[in-house]
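**Q** show me the folded form of this:
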Amino acid sequence: MSLFSRLRDGLGRARQTLVGRIQAVVSGSAYLEPEMLDELEAVLLGADVGPAETQRLIASLRTTLGTRRVAASEIPGLLEQEVSALLAGATRPLRFAEQPPTVVLLLGVNGTGKTTTAGKLSAQLVREGKRVLLAAGDTFRAAAADQLAIWAERSGADLVRHQPGGDPGAVVYDAISAGIRRGADVVICDTAGRLHNKSNLMAELQKVVRVANRACPGAPHETLLVLDATTGQNGLQQARVFGEATPLSGIVLTKLDGTARGGIVLAIHRTFHLPLLYVGVGEAIEDLEPFDPSGFANGLLRTE
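**A** Numbers count the residues shown, from 1 in each chain. Coordinates of the predicted model:
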């Protein structure tokens, strides 16, 4: 299956919900009427599009409506064009260090899919011919290292882990050092998503960043925030903690196939002003994809 097809399939639930609600607003009318715009605004907000983005989308429809009659069937297509424009420039490829290894740090609250993302990203990079090493830096969650070990075996990556409850910084340092010795192209570091309080978590993450830089000057080269699409606006609030702990370079959005509120992508882009590098659209090892703004808009709104 092509990347486009997987993205479209992954957005099926969100597309059916959003397009269905749009069609319900205009049900019984062949054309979009001005009084329907308020209902369409509520539909977009309900899809977690976000207030600012919703206002822009409704303003675009109102402008078009001021110049000509708009058939009800045109509305998803008009919104698709505007969503694609809103997300233009919202992505970029993974950045690689001039001198390997490239160190990628994955941050996020527990349950967002950090460990799974580490495994899927590892598999993708290995398929591209790169040598990858995984660092089990979430030593506070007993199952995290075991889960990452399974992903390492599935993806063909090396793994560095310590005993549960150990020092995450030491794991990251040893992993980067091992990556340098073994000629790894990329070291992907999983991290903890929850400690007993916010200040402790931030201090631990800041320490991990310092240790990474000590092991490899310039590291981490990518610090990616992993967000769960199904948590919507609540996830955005939680994720701000990580941006306070350390500068972020990009976002990975997981479980996009499990939400009816695909509009969260627009809210994420506005909230963090960061590129969205990858989206997760399924459970299979290949279901982590580079984000495609036009493909996303198409998958969210185009019915045919």
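**Q** so what pairs up with E222 in the strands?
**A** V104 (DSSP bridges).
**Q** shouldn't it be in contact with A97?
**A** No: applying Cβ atoms under 8 Å, one finds E222 not in contact with A97, separated by 9.3 Å. The C-beta positions use only the backbone N, C-alpha and C, and glycine is treated the same way.
**Q** find residues that contact each of the two.
**A** Residues touching both E222 and A97 by Cβ atoms under 8 Å, 6 or more residues apart in numbering: V103.
**Q** more crowded one of the two?
**A** The residue with more neighbours, out of E222 and A97, is E222; 20 against 16, by other Cβ atoms under 10 Å.
**Q** next up, the contacts around the more buried one.
**A** Contacts of E222 (Cβ under 8 Å, 6+ apart): 94-95, 102-105, 249-250.
**Q** and it, how far is that from A212?
**A** According to Cβ to Cβ, to the nearest Å, E222 stands 11 Å off from A212.
**Q** same check on G179?
**A** For G179, the distance to A212 equals 11 Å [Cβ to Cβ].
**Q** count the neighbours of L86 for me.
**A** 21.
**Q** what does the model give it for pLDDT?
**A** Note on L86: pLDDT of 90.
**Q** and the one 3 residues further on, by the same measure?
**A** G89 is assigned 87 on the pLDDT scale.
**Q** swap in the one 5 residues further on?
**A** Here the pLDDT value assigned to L94 is 97.
**Q** how near is the residue nearest the centre of the chain to E33?
**A** When Cα atoms, centre = their mean is applied to the chain, the residue found nearest the centroid is L253 (1.7 Å). Separation of L253 from E33 (Cβ to Cβ): 35 Å.
**Q** burial check on the residue lying closest to Q23 once chain neighbours are set aside, number of neighbours?
**A** Distances taken as Cβ to Cβ, 6 or more residues apart in numbering put A72 closest to Q23, at 7.6 Å, once the chain neighbours are dropped. Neighbour count for A72, taken as other Cβ under 10 Å: 18.
**Q** residue contacts, A72?
**A** 23, 26, 29-32.
**Q** among those residues, name the ones in strands.
**A** Among the contacts of A72, DSSP state E puts none in strands.
**Q** Throw those into a markdown table and include distance to A157 and pLDDT, thanks.
**A** Below are these laid out as a markdown table (distance: Cβ to Cβ, whole Å; pLDDT from 0 to 100):
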| residue | distance to A157 | pLDDT |
| --- | --- | --- |
| Q23 | 46 | 92 |
| V26 | 50 | 90 |
| S29 | 55 | 92 |
| A30 | 56 | 93 |
| Y31 | 56 | 93 |
| L32 | 51 | 94 |
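**Q** of the residues you listed, which is the nearest to V281?
**A** Nearest to V281 out of those is Q23 (Cβ to Cβ; 23.9 Å).
**Q** now a ChimeraX select for only the buried ones of the contacts of A72.
**A** If you want just the buried ones from these in ChimeraX, going by 16 or more other Cβ atoms under 10 Å, the selection is:
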select :26,32
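**Q** how far away is A142 from A157?
**A** Per Cβ to Cβ, A142 is found 21 Å from A157.
**Q** now swap in T116 and tell me
**A** 14 Å.
**Q** looking at those two, which one has more neighbours?
**A** Between T116 and A157, counted using other Cβ under 10 Å, A157 has the larger neighbour count: 25 against 21.
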